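[1] Mind looking at a prediction? Sequence and model below.
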Amino acid sequence: MNPQPFETPPRSWESRLNPAFVNRFTRYRNRELRSQGIESIDVAGADIVAGALQTGSGVLLVSNHSYHYDSYALIEAGRRSGWYSEIMTAWQVFMLYGRFGQWVLQKHGCFSINREGTDKQAIRHAVSTLIQGTHPLLIYPEGDIYHSNDRVMPFRDGAASIALLACKKRQRPIVIIPCAMKCFYIRSPEQDLHRIMDRLEARIGWRPDSGRTLLDRIYRFGNGFLALKEVEYLGTARTGTIRDRISFLANAILTQVRERHQIPPRGKDLTERIRFLRVHLIGMIDQLRNTREKSPSPEIHQQLSRLQADMQDLFFVTQLSSYHGDYSAEVPTIERMAETIDKFEEDVFSLQAPTPRGKRIACVRFGVPMELVEGAETAETLTMRLEQSVQQLLNSIILPKRD
């Protein structure tokens, strides 16, 4: 998972969507996709979105977010059918680029949101797009890239809440269209994956063991690295299934952070608990920085360092939550094993993206539109329904023949 800044955003970025610009940039986007090994894009159902727009409905697209540059694949799917999306984008993404790159994102319809607070400006723009805009609104409810080609991570309820807010305005029908994206390797990259495992094993002081199967190396490394982290945070390595150990360690770290700052427990799941703690820590950091400007002192510097370390701990818990424990073993396809190694590589070497390996085909699928009825469901129930719809779409994407 990408290392990201989590603090008060320095600014916000509005959408400046320009379809002509998006068309002119097609060659650049395709070049970027090829740099990630994506040679072609297979699209089905994009006309469903075009049809919903033609009826005058407000259209919300919700998609999984499983690999880097999947937004480029979705942009291309829309461009081929003549529609262009307003794209809700974490402000941290804009911070990865300079002014020109930020301007390019805006021209592609990206607008920033601060996910650690109530970003009224972003929400207003999103709702306005649904009730009176001429373009669909695209939101990734998972929030982060989890490298989970076959399985969606829990959806956050922001997309559903925005859709229900727009529905209350009663200006026009609001429909939600699920989207699923998945990548397949054209040729097996197993040899490249073994080479990455060599580097990962060497990083933690092991002699690379290429005589083992790839799946065996993945679980052996995962066990070893998890044990190192358990010793770091708990004082000793634990036994049990990887899934149970990940859950225990994640909750233990959150408890340590919460008790260190006497923050009350809150949140029904791990994602909400992380977000709640992060919001508290960001507020404390902002307050200390303001105090430091007026009267700097070593004590304030030490407190800020402690809070920054706690923020890193919360990010590590987010990284932990992206590992399913049984993902590769459940269905040991080359794609699942490669995704797990992608996560290892990003997390161990603190990379923005894993090393590209092998040529891939990206599949984009759009599902049946869901028209909202005011008062018929809550944000929580709608979020569950959207998550299930995207998962069903993912399940329907069939592995093409591999060379």
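    Okay, I see it.

[2] Would you map the strands across the stretch 301-403 of the chain?
    360-366, 370-371 (DSSP state E, counting those that start in this stretch).

[3] Over to the stretch 151-300 of the chain?
    Secondary structure of the stretch 151-300 of the chain, counting by DSSP E, counting those that start in this stretch: strands at 174-185.

[4] The strands of the stretch 301-403 of the chain: which one's closest to residue 141?
    Residue 141 lies closest to strand 370-371 among the strands of the stretch 301-403 of the chain, at 13.8 Å (C-beta to C-beta). For glycine as for every other residue, the C-beta is placed from the backbone atoms N, C-alpha and C.

[5] Show me the strands paired with the closest one, marking each as parallel or antiparallel.
    Partners of strand 370-371 in the sheet, by DSSP bridges, are strand 174-185 (antiparallel).

[6] Turn the strands of the stretch 301-403 of the chain into JSON lines, columns for distance to residue 207 and mean neighbour count.
    Shown next, in JSON lines, are these (distance: least, C-beta to C-beta, whole Å; neighbours: other C-beta atoms under 10 Å):
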{"stretch": "strand 360-366", "distance to residue 207": "31", "mean neighbour count": "23"}
{"stretch": "strand 370-371", "distance to residue 207": "53", "mean neighbour count": "14"}
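
[7] now those strands as TSV including mean pLDDT?
    Shown next, in TSV, are the strands of the stretch 301-403 of the chain (pLDDT from 0 to 100):
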stretch	mean pLDDT
strand 360-366	96
strand 370-371	95
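
[8] a markdown table please, covering the ones you listed and showing distance to residue 111.
    Listed next are the strands of the stretch 301-403 of the chain as a markdown table, based on distance: least, C-beta to C-beta, whole Å:
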| stretch | distance to residue 111 |
| --- | --- |
| strand 360-366 | 22 |
| strand 370-371 | 24 |
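
[9] Which of the ones you listed sits closest to residue 262?
    Comparing the strands of the stretch 301-403 of the chain by C-beta to C-beta, strand 370-371 comes nearest, at 43.2 Å.

[10] And the contacts of stretch 90-110?
    Residues from elsewhere that reach stretch 90-110 (C-beta atoms under 8 Å, 6 or more residues apart in numbering): 4-6, 9-10, 12-18, 21-22, 25, 75, 84-87, 89, 112-115, 135, 138, 143, 352.

[11] Same question for stretch 116-127.
    Under C-beta under 8 Å, 6+ apart, the answer for stretch 116-127 is 6, 12, 14-15, 86, 88, 111-114, 137, 139, 162, 165-166, 169, 275, 278-279, 282.

[12] Okay, and which of those map to helices?
    Judged by DSSP state H, those include 162, 165-166, 169, 275, 278-279, 282 as members of helices.

[13] which among these end up buried?
    162, 165-166, 275, 278-279, 282 (16 or more other C-beta atoms under 10 Å).

[14] Out of the residues you listed, which comes closest to residue 371?
    Nearest to residue 371 among those, with distances taken as C-beta to C-beta, is residue 166, at 12.2 Å.

[15] Just give the nearest non-adjacent residue to that closest one, would you?
    Spatially, and ignoring its direct neighbours in sequence, residue 166 is nearest to residue 130 (3.7 Å; C-beta to C-beta, 6 or more residues apart in numbering).

[16] Can you show me the helices along the stretch 201-350 of the chain?
    For the stretch 201-350 of the chain, the helices defined by DSSP state H, counting those that start in this stretch cover 214-234, 242-260, 270-294, 298-321, 327-330, 334-349.

[17] Quick one, which of those helices gets closest to residue 40.
    Taking the helices of the stretch 201-350 of the chain one by one with C-beta to C-beta, helix 334-349 is closest: 16.0 Å.

[18] Next, residue 240: phi, psi?
    phi 110, psi -170 (degrees, to the nearest 10).

[19] residue contacts, it?
    Residue 240 touches residue 248, counting by C-beta under 8 Å, 6+ apart.

[20] ok, the residue nearest to the spatial centre of the chain to residue 66 distance?
    Centroid-nearest residue in the chain, with C-alpha atoms, centre = their mean: residue 144, separated by 1.6 Å. According to C-beta to C-beta, to the nearest Å, residue 144 stands 10 Å off from residue 66.

[21] Then residue 79?
    The value you get for residue 79 to residue 66, if C-beta to C-beta is used, is 21 Å.

[22] One more: residue 223?
    Separation of residue 223 from residue 66 (C-beta to C-beta): 24 Å.

[23] and if you look at residue 392?
    For residue 392, the distance to residue 66 - C-beta to C-beta - is 15 Å.

[24] Check residue 238 too.
    Look at residue 238 and residue 66: by C-beta to C-beta, they are 29 Å apart.

[25] more crowded one of the two?
    Each of residue 238 and residue 66 has its neighbours counted (other C-beta atoms under 10 Å); residue 66 has more, 24 against 14.

[26] which residues does that one contact?
    Residue 66 neighbours (C-beta under 8 Å, 6+ apart): 145-149, 181-183, 339.

[27] dump the residue contacts of residue 171.
    For residue 171, the contact set (C-beta under 8 Å, 6+ apart) comprises 131-132.

[28] make that residue 219, sorry
    With the criterion set at C-beta under 8 Å, 6+ apart, residue 219 makes contact with 242, 328-329.

[29] one step back: how about the contacts of residue 66 in a markdown table, adding neighbour count, distance to residue 361 and pLDDT?
    Output for the contacts of residue 66, formatted as a markdown table (neighbours: other C-beta atoms under 10 Å; distance: C-beta to C-beta, whole Å; pLDDT from 0 to 100):
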| residue | neighbour count | distance to residue 361 | pLDDT |
| --- | --- | --- | --- |
| 145 | 23 | 19 | 89 |
| 146 | 23 | 20 | 88 |
| 147 | 24 | 17 | 89 |
| 148 | 22 | 18 | 89 |
| 149 | 21 | 12 | 89 |
| 181 | 25 | 11 | 96 |
| 182 | 26 | 9 | 95 |
| 183 | 22 | 7 | 94 |
| 339 | 24 | 15 | 94 |
